[in-house]
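> Pasting the sequence and the predicted coordinates here, then a few questions.
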Amino acid sequence: MDWTIVSFLAADAVQSGTIYALLALSLVLVFAVTRVILVPLGELLVFAPLTYVFFLPSGVSGLELHGQIPGTAWLSSFLLLVWAVLDRANPSRVARLVVLALLVLGLAWVGARGVAPWLGWILAVLVVLPIGPASYRLFFQPAQNASVLTYLIIAVGLHFAYQGLGLVFFGPEQYRLPPILSGQTNLGMVPINNQAFLVYGFALLTMLGLYLFFTRSLYGKALRACAVNRYGARLLGISPAQAGYVAFGIATLIVTVSGMLLAPLISPAYFQGFLFGLKGFVAGILGGLVSYPLAVLGALAVGGFEQWAGYVSSPFKDALVFALLLPVLLWRSLRSHEIGEEE
Amino acid sequence: MLMLELTDFSVRYGAVEAVRGLSLEVAEGEAITLIGPNGAGKSSTLKGILGLERSKGVVRYRGQELKKRTPEALAELGLVLVPEKRELFSSMEVEDNLLLGAFTRFRRGEKGLKEDLERVYTLFPRLRERRRQLAGTMSGGEQQMLAIGRALMAKPKLLLLDEPSLGLAPLIVAEIFRILGGLKSQGVTILVVEQNARMALRLADRGYVLEAGELVMQGQASELLHDPRVIESYLGIRAREEMR
Ligand SMILES: Nc1ncnc2c1ncn2[C@@H]1O[C@H](COP(=O)(O)OP(=O)(O)OP(=O)(O)O)[C@@H](O)[C@H]1O
Ligand SMILES: [Mg+2]
């Protein structure tokens, strides 16, 4: 391994590490507030750019979709309507949810008719975004106070469901998407895609944003309070259920925007979400699913390890990354009180 | 106006009926105490009021019957509990704990939170000294002060306290009750559950005595303090304990 190879590998490691970091941060956020290990975040990451494909003019996407509304919009809207049925006791919320469900379909319809790429970009995020909080309401909220394991089982089930739906909605192929910034910039001898800088910028913005939110805003502190002591929070009028929606919402926003920015670099397909989600999870576990800075470091470590593994033995690249879980879990379980059950 | 009115109130855990047919009233500006030995059902009563345990009977708060109760909704209405185990946000700073006490007011856009923080710091100078310390690292007495201070930040119309003296040295207990006395004279309505009957009855206007889930006595606090049965069952034992 000479310097050229090392620097090329490092550039790739930073790129994938950054995406794992964004996923790990979202996972830690959701876990801290709700104790849910949200495996399907990876699916939501690819849903957004795949939805965007439907909003691109056929000249750009190379597809003849004839104004077809993407399946994710139907899913999003359907989940919101089920949510409305579940909360039928609260008429004003039902009204808001129904309006939102129609809005999602309306936006998707507008997008599918052909809009400016930047508008389609935003519409894709908006269409996919409700899936996160709605999943919380439909699948996790009913199992209130369940154990971490029960939540994990639900999350894994949801992952399979969303992955299957991804195949139905978008088929098995990979899609090419136009970058926002085209071209490359040479750092030393290593060419970096300009689009990748957008991913890095977004990652830094996310970290700064989360930091400020949790340390400066009383809403952010209330979210932390729910994570630290649910009962204590409830006594002060801070609702852990609402905190759950907020956590799912923020996490979904982070991963959908990440997916949109990353998509031109990876040519997304429905099956890619799983690997992203799992590697983000490995990164999060390195920080015990409790620490944001450790999750980011863990993500960069996973990115680096993955590149090294790919260099040494490319067919076993992913297997080696997941093998990393074993020593980490072992080490974690020896200091297990940190991931311990609440009740 | 009656702040709180329980009528034929019961709390049951499976086959065990922890509270049976309790009727109790708290008028605005009053300090009321509910005393009784371990397992009498005092905490269960408070949890039932908050909707944390299933209960039967009527709960009226400020004249309104509340059928479906959650602690969140009641906190929004100004009914705040300082629980037996304090339930602080232990890995967060003292000042953040206090500010979170005012969360519902903050969300409503109320003004004057800074002034109220100052007021709590004046009431508990210890908390001001330790404003940047993590709540979980404070002593038991300081944690109880923080729990009370945090509840006060919500500007409660009715403050419920579950055994504020639990596990604290007599000097700190006296300090806490002195502060509760101060709150009462400022017009805060208080319902305090206690095993330390002497302290509680000195603070309160009226008292209720609960034994094995049933109301066995009620009356003016000054009368209960001199009631031979109360002295025999509660104050006597306390007195002997305190002698040791
Ligand atoms: N979650 C529960 N499940 C079953 N039984 C319970 C539960 N909580 C309380 N109990 C029972 O209800 C009875 C009353 O308990 P409670 O905690 O209300 O007593 P208390 O008066 O607050 O006592 P202490 O002064 O020791 O706090 C006890 O017999 C207790 O064992
Ligand atoms: Mg008790």
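Perfect, thanks for sending it. All figures in this text were calculated on a predicted structure; none of them were measured in a lab. Ligands and ions are numbered 1, 2, ... in the order given.
> so what's the most centrally placed residue in chain B bridging to?
Centroid-nearest residue in chain B, with CA atoms, centre = their mean: residue B:161, separated by 1.0 Å. Counting by DSSP bridges, residue B:161 forms beta bridges with residue B:82, residue B:192.
> any idea how far it is from residue B:234?
Separation of residue B:161 from residue B:234 (CB to CB, to the nearest Å) stands at 18 Å. Where C-beta positions appear, they are placed from N, C-alpha and C, glycine not excepted.
> show me what contacts the residue nearest to the centre of chain B?
Residue B:161 makes contacts with B:81-82, B:148, B:180, B:190-193, as judged by CB atoms under 8 Å, 6 or more residues apart in numbering or on different chains.
> the helices in chain B, which residues?
B:42-50, B:71-76, B:94-101, B:103-107, B:113-123, B:125-129, B:140-152, B:170-185, B:197-203, B:221-226, B:228-230, B:236-243 (DSSP state H).
> Apart from its neighbours in sequence, what residue is nearest the residue nearest the centre of chain A?
Nearest residue to the geometric centre of chain A (CA atoms, centre = their mean): residue A:255, 3.1 Å. Distances taken as CB to CB, 6 or more residues apart in numbering or on different chains place residue A:45 nearest to residue A:255, at 4.4 Å, with adjacent residues excluded.
> Equivalent analysis for residue B:88, please.
Nearest non-adjacent residue to residue B:88 (CB to CB, 6+ apart): residue B:135, at 4.3 Å.
> if I pick the one you found, what's in contact with it?
Here residue B:135 is in contact with B:88-94, B:97, B:143, B:146 (CB under 8 Å, 6+ apart).
> Up against chain B, what does the stretch 201-343 of chain A have?
Neighbours of chain B within the stretch 201-343 of chain A, by CB under 8 Å from any CB of the partner chain: A:218, A:221-222, A:224-225, A:228-229, A:231-239.
> Which ones among those lie within helices?
Residues of these located in helices (DSSP H): A:218, A:221-222, A:224-225, A:228, A:231-235.
> Pick the one among those closest to residue B:122.
Nearest to residue B:122 out of these is residue A:218 (CB to CB; 21.8 Å).
> Verify the stated contact: that closest one with residue B:100.
Yes - with contacts counted by CB atoms under 8 Å, residue A:218 reaches residue B:100, the gap being 7.1 Å.
> least trustworthy helix or strand in chain B by mean pLDDT?
helix B:236-243 (a mean of 52; mean pLDDT, DSSP states H and E).
> Can you get me a residue count around residue 102?
Answering for chain A, as no chain was given. Here the count is done by other CB atoms under 10 Å in any protein chain shown, and residue A:102 has 13 residues near it.
> looking at chain B here, not the other one
Counted with other CB under 10 Å, residue B:102 comes out at 25.
> Let me see the contact set for the spatially closest residue to residue B:47 that is not a sequence neighbour.
Leaving out its chain neighbours, the residue that sits closest to residue B:47 by CB to CB, 6+ apart is residue B:53, at 4.4 Å. With contact taken as CB under 8 Å, 6+ apart, residue B:53 is in contact with B:11, B:13, B:44, B:47.
> which among those end up buried?
Among these, those classed as buried by 16 or more other CB atoms under 10 Å in any protein chain shown are B:11, B:44, B:47.
> The closest residue to the second one other than its chain neighbours and ligand 1, how far apart?
Same thing as residue B:44. Nearest residue to residue B:44 in three dimensions, chain neighbours excluded: residue B:18, at 4.1 Å (CB to CB, 6+ apart). Computed as CB to the nearest ligand atom, to the nearest Å, the residue B:18 to ligand 1 distance reads 3 Å.
> Surely residue B:18 is in contact with residue B:11?
Yes - taking CB under 8 Å as the definition, residue B:18 is a contact partner of residue B:11 at 5.0 Å.
> what touches both of these two?
When contacts are counted by CB under 8 Å, 6+ apart, residue B:18 and residue B:11 have B:41, B:44 as shared neighbours.
> on that earlier part again, if I look at the residue nearest to residue B:47, how far off is residue B:11?
5 Å.
> Can you check which residues contact both of the two?
Going by CB under 8 Å, 6+ apart, residues that sit against residue B:53 and also against residue B:11 are B:44, B:47.
> for chain A, what are the nearby residues on chain B?
So far as CB under 8 Å from any CB goes, chain B lies against chain A at B:50, B:70-73, B:75-76, B:80-81, B:83, B:86-92, B:96, B:99-101, B:103-104, B:106, B:150-151, B:154.
> Neighbour count says what about the residues you listed? Which are buried?
B:50, B:70-73, B:75-76, B:80-81, B:83, B:86-90, B:92, B:96, B:99-101, B:103-104, B:106, B:150-151, B:154.
> Return only those of those found close to ligand 1.
On the criterion CB under 6 Å from any ligand atom, none of the entries of these sits beside ligand 1.
> show me the contacts for the closest residue to residue A:264 other than its chain neighbours.
Leaving aside its chain neighbours, residue A:264 sits nearest to residue A:179 (3.8 Å; criterion: CB to CB, 6+ apart). Each residue near residue A:179 by CB under 8 Å, 6+ apart is listed here: A:193-195, A:264-265.
> can you list the weak-confidence ranges in chain A?
A:1, A:335-343 (pLDDT under 70).
> I should have written chain B there, sorry.
In chain B, residues with pLDDT under 70: B:236-244.
> burial measure for the residue of the stretch 51-200 of chain A found nearest chain B, as a count.
The nearest approach of the stretch 51-200 of chain A to chain B comes at residue A:89, 9.7 Å away (CB to the nearest CB). Neighbour count for residue A:89, taken as other CB under 10 Å: 8.
> What count of nearby residues applies to residue B:25?
Residue B:25 - counted by other CB under 10 Å - has 16 other residues nearby.
> could you measure the residue nearest to it when sequence neighbours are not counted against residue B:131, distance?
Nearest non-adjacent residue to residue B:25, counting by CB to CB, 6+ apart: residue B:5, 5.2 Å away. Residue B:5 sits at a distance of 38 Å from residue B:131 (criterion: CB to CB).
> If you count surrounding residues, which of these two has more?
Between residue B:5 and residue B:131, residue B:5 has the larger neighbour count (other CB under 10 Å), namely 18 against 14.
> That one and residue B:28 touch, don't they?
No - in terms of CB under 8 Å, residue B:5 does not count as a neighbour of residue B:28; the distance is 11.7 Å.
> Ligand 1: which of the residues of the stretch 201-343 of chain A next to chain B is nearest?
residue A:231 (13.1 Å; CB to the nearest ligand atom).
> mind listing what the residue nearest to that closest one when sequence neighbours are not counted touches?
Nearest residue to residue A:231, sequence neighbours excluded (CB to CB, 6+ apart): residue B:87, at 5.2 Å. Residues near residue B:87 by CB under 8 Å, 6+ apart: A:229, A:231-232, A:235, B:147.
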